[in-house]
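Undergrad: Need coordinates for the following:
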Amino acid sequence: MNPDLDALHPYPFEKLAALKAGLSPPPGLPHIPLTIGEPQHAPFSGALQTLVAYQHEMGRYPATAGLPELRQAIADWTVRRFALAGLDSERQVLPVNGTREGIFAFIQAALDRTRPAKVAMPNPFYQIYEGATLLAGGEPLYLDCTERNHFRPDFSAISADTWREVQMVFLCSPGNPTGAVTPLEDFKKLIELADEYNFIIASDECYSELYLDEAAPPPGLLQACAELGRHEYQRCLVFHSLSKRSNLPGLRSGFVAGDAALITPFKRYRTYHGCAMSLPLQRASISAWQDEIHVRANRDAYREKFAAVTSILSPVLDFPTPVAGFYLWPAVPDGDDEAFTRRLFERAHVSVLPGSYMGRAGVTGINPGEGRLRLALVAELEPTVQAAQRIRDLLEGKL
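TA: Okay, the predicted model is just below:
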């Protein structure tokens, strides 16, 4: 087997299962999980109807590049959403089977093992960035995201010598798990660094459509390129998905867009990889990218939920003000995220993810996830509010 497999860390949910092993929650109290970021709101019905209508196309092989209609729907949505001058659906767009698959595959295709191959990533982080880097023969460069730097990577802390070994920088905006949003000026500064040191910027923007202020949608990397007049999006790629936007995680549908000089060889890699999206899924995806009504309704549901949960938890927990995404990132009062997770499950039958499971000890030697929890507010309103109240009751000594 590939020896790089031995470098992979246990997945956070494996560690969580081991942490909870042998615990006995109160009998008769329903379990409420706030762990996996799997949307529980109703999937976009238009996509499901389209999926059924085109099920007969399961009898055809799909092309790696996807249907021209899908690429055009993606390009049209991206141009509208991020105020771009244009996006060439033939050269600058490629469908992928969700951002997870696309990100993993792109790192395998992009890293050059013949020279130093550092991949910078936010810390804490989505585990695929690290796992894909290790399996591609690269070296993760963990950029601590703490309260001090507003939970965003501090690129000014990286030395010139280190930058020369960086082949790729991953961003996640809005952030998982912190919810932090990268400002346009930060994107632009990073683009300048990419020009200077010749690295790729890959921006995971799968949470971009879940924001709490309707008048302030999170900016994106291609938007920053457009404001700089870089309409070829040199060295820049974005990854988007329908999983969170349209509550369609099972559709496994997303896209990568940006620099055609990166997408063209990536498409060649994917042709050999054999990961083309089936035609009925592509048709359903078109209907989802073309509809915004269900997305606004989805945001409204999250706003109501965030308002209810933060009113319950803010008196007893310290967490950054939510801006986007569907996570809360609170600090644990006693600083022990694992112990609190066990106690919460055993006494309140609520599952959360210890923040330390999403981070690594970076250059400072400290894991920035330690002492925090990731709460995924993905369920419907009533169970989510119940979970928040149980957390408060535990902290106030009522459980």
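Undergrad: the longest helix in this structure is where?
TA: Longest helix in the chain by number of residues (criterion: DSSP state H): helix 293-313.
Undergrad: For that one, report the contacting residues that lie outside it.
TA: With contact meaning CB atoms under 8 Å, 6 or more residues apart in numbering, helix 293-313 is reached by 41, 44-46, 209-212, 214, 245-247, 288, 319, 322, 326, 328, 330, 375, 377, 381, 384-385, 388-389, 391-392. No exception for glycine: its C-beta is placed from N, CA and C like everyone else's.
Undergrad: Tell me how far stretch 67-78 lies from the chain's centre.
TA: Here stretch 67-78 is found 21 Å from its chain centre; the criterion is CA atoms, centre = their mean, to the nearest Å.
Undergrad: Quick one: mean pLDDT for that stretch?
TA: Regarding stretch 67-78, the rounded mean pLDDT is 98.
Undergrad: Quick check: buried residues in that stretch?
TA: For stretch 67-78, the neighbour count (16 or more other CB atoms under 10 Å) marks Leu67, Leu70, Arg71, Gln72, Ala73, Ile74, Ala75, Trp77, Thr78 as buried.
Undergrad: I'd say the second one and Pro95 touch.
TA: Which is Leu70. Yes. Contact status for Leu70 versus Pro95: in contact at 5.8 Å, counting by CB atoms under 8 Å.
Undergrad: so what's in contact with these two at the same time?
TA: Common neighbours of Leu70 and Pro95 (criterion: CB under 8 Å, 6+ apart): Gln282, Ser285.
Undergrad: any chance you could map the strands in the stretch 101-250 of the chain?
TA: Secondary structure of the stretch 101-250 of the chain (DSSP state E, counting those that start in this stretch): strands at 118-123, 139-144, 166-172, 200-204, 236-241.
Undergrad: what's in contact with stretch 337-349?
TA: By CB under 8 Å, 6+ apart, stretch 337-349 touches 16, 19-20, 23-26, 29-32, 332, 334, 350-356, 369-373, 387, 390-391, 393-394, 399.
Undergrad: Now with 6 Å, please.
TA: Outside stretch 337-349, the residues that touch it by CB atoms under 6 Å, 6 or more residues apart in numbering are 20, 23, 25-26, 29, 31, 332, 350-352, 354-356, 371, 373, 390, 394, 399.
Undergrad: about what we covered before: quick one: which of the strands of the stretch 101-250 of the chain is nearest Tyr61?
TA: Closest of the strands of the stretch 101-250 of the chain to Tyr61 is strand 236-241, at 23.5 Å (criterion: CB to CB).
Undergrad: Give the other helices and strands that that closest one contacts.
TA: With contacts taken as 3 or more CB pairs under 6 Å, 6 or more residues apart in numbering; DSSP states H and E, strand 236-241 sits against helix 98-110, strand 200-204, helix 221-227, strand 254-258.
Undergrad: buried ones in the longest helix of the chain?
TA: Buried residues in helix 293-313 (16+ other CB under 10 Å): 294-295, 298-299, 301-303, 305-306, 308-310, 312-313.
Undergrad: Now pLDDT and distance to Glu185 too, for the residues you listed, in CSV please.
TA: Formatted as CSV, the buried residues of helix 293-313 follow (pLDDT from 0 to 100; distance: CB to CB, whole Å):
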residue, pLDDT, distance to Glu185
His294, 98, 32
Val295, 98, 27
Asn298, 98, 29
Arg299, 98, 25
Ala301, 97, 31
Tyr302, 97, 27
Arg303, 97, 27
Lys305, 97, 31
Phe306, 96, 26
Ala308, 97, 33
Val309, 98, 31
Thr310, 96, 28
Ile312, 98, 35
Leu313, 98, 31
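Undergrad: Nearest to Ile201, out of these: which one, please.
TA: Using CB to CB, Val295 is the member of the buried residues of helix 293-313 that lies nearest Ile201, at 25.6 Å.
Undergrad: ok now do Met168, which residues does it touch?
TA: By CB under 6 Å, 6+ apart, the contact set of Met168 is Val119, Phe199, Ile200.
Undergrad: if we can go back for a sec, what's the closest of the helices and strands packed on strand 236-241 to Gly86?
TA: Nearest of the helices and strands packed on strand 236-241 (CB to CB): helix 221-227, 9.1 Å.
Undergrad: Pull the number of nearby residues for Arg92.
TA: Quick fix: residue 92 is Gln, not Arg. 27 (other CB atoms under 10 Å).
Undergrad: how near is the residue nearest to it when sequence neighbours are not counted to Ile391?
TA: In space, and not counting its chain neighbours, Gln92 is closest to Ala260: 5.1 Å by CB to CB, 6 or more residues apart in numbering. Using CB to CB, to the nearest Å, Ala260 is found at 48 Å from Ile391.
Undergrad: the more surrounded of those two?
TA: Set Ala260 next to Ile391 and count neighbours by other CB under 10 Å: Ile391 wins out with 27 against 17.
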